[in-house]
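# Next input, structure requested:
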Amino acid sequence: MFHSAVPKLAVLAAAALPVLVAPTPAQAGSPSPAIIAARLMARLPAPALDLMSQLVTKTNQQRWANGCGLLAVDQELIIASVQQSAHMAFTGDLNHVWLDGSTFVTRSRAAGYTQPSGENIAWGYPTADDVIAAWMASPEHRANMLDCTARSIGTGVSFGADGRPYYTQLFGRL
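Numbering: from 1, shown residues only. The predicted structure follows:
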């Protein structure tokens, strides 16, 4: 199914980026991030939800094996991760920066998360094991996954029109 797909990776070394955007306060009367995330996840296909869960589990296994604490799943980071994966699947563009200039920092803050620390993205890998292995083999991706100051994670998976999965991991320090 994926024999012609050449899996690709991209990374953004968050520690090197200045934080340029102030957090946006939630509007009065808007649903909580937990409600938004629940609504969003209810619309995702079961294979995407399964891959998202596996990414968290396998990332935490790598962290534990390398002396880092386990990451807690954060609803706001899930929202931003799913948005990133859906954007990449829709546009076919594996990129940390959207045409409007938004980055994982601006997207995370728009979702209500104030201290994002890193983003890993990839596409075309058929299994969670495959994408985790690729990220662990890349120094920049590995650094994001094994940043022991990170406390939270959100994952997103979306499928392109050709069936290829687009993966996002967002990490945070809260």
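
# Break down the chain into its strands, ranges please.
8-12, 72-73, 116-123, 152-159, 165-172 (DSSP state E).

# quick one: contacts for residue 151?
For residue 151, the contacting residues are 69, 71-72, 172-174, by Cβ atoms under 8 Å, 6 or more residues apart in numbering. (Each C-beta comes from the backbone N, C-alpha and C, glycine too.)

# how about the strands of the chain in CSV, adding mean neighbour count and mean pLDDT?
Output for those, formatted as CSV (neighbours: other Cβ atoms under 10 Å; pLDDT from 0 to 100):
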stretch, mean neighbour count, mean pLDDT
strand 8-12, 17, 39
strand 72-73, 14, 98
strand 116-123, 26, 98
strand 152-159, 25, 97
strand 165-172, 28, 98
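
# Reformat the ones you listed into CSV and put distance to residue 51 next to each item.
Shown next, in CSV, are the strands of the chain (distance: least, Cβ to Cβ, whole Å):
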stretch, distance to residue 51
strand 8-12, 16
strand 72-73, 14
strand 116-123, 11
strand 152-159, 4
strand 165-172, 6
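
# nearest to residue 86, of the ones you listed?
Ranking these by proximity to residue 86 (Cβ to Cβ) places strand 152-159 first, at 4.4 Å.

# Please name the nearest non-neighbouring residue to residue 123.
Distances taken as Cβ to Cβ, 6 or more residues apart in numbering put residue 166 closest to residue 123, at 4.6 Å, once the chain neighbours are dropped.

# Would you check how far apart that neighbour and residue 150 are?
Residue 166 sits at a distance of 22 Å from residue 150 (criterion: Cβ to Cβ, to the nearest Å).

# Ok, residue 159 next?
Relative to residue 150, residue 159 is positioned 27 Å away (criterion: Cβ to Cβ).

# same check, this time on residue 44
To residue 150, residue 44 is 24 Å away according to Cβ to Cβ.
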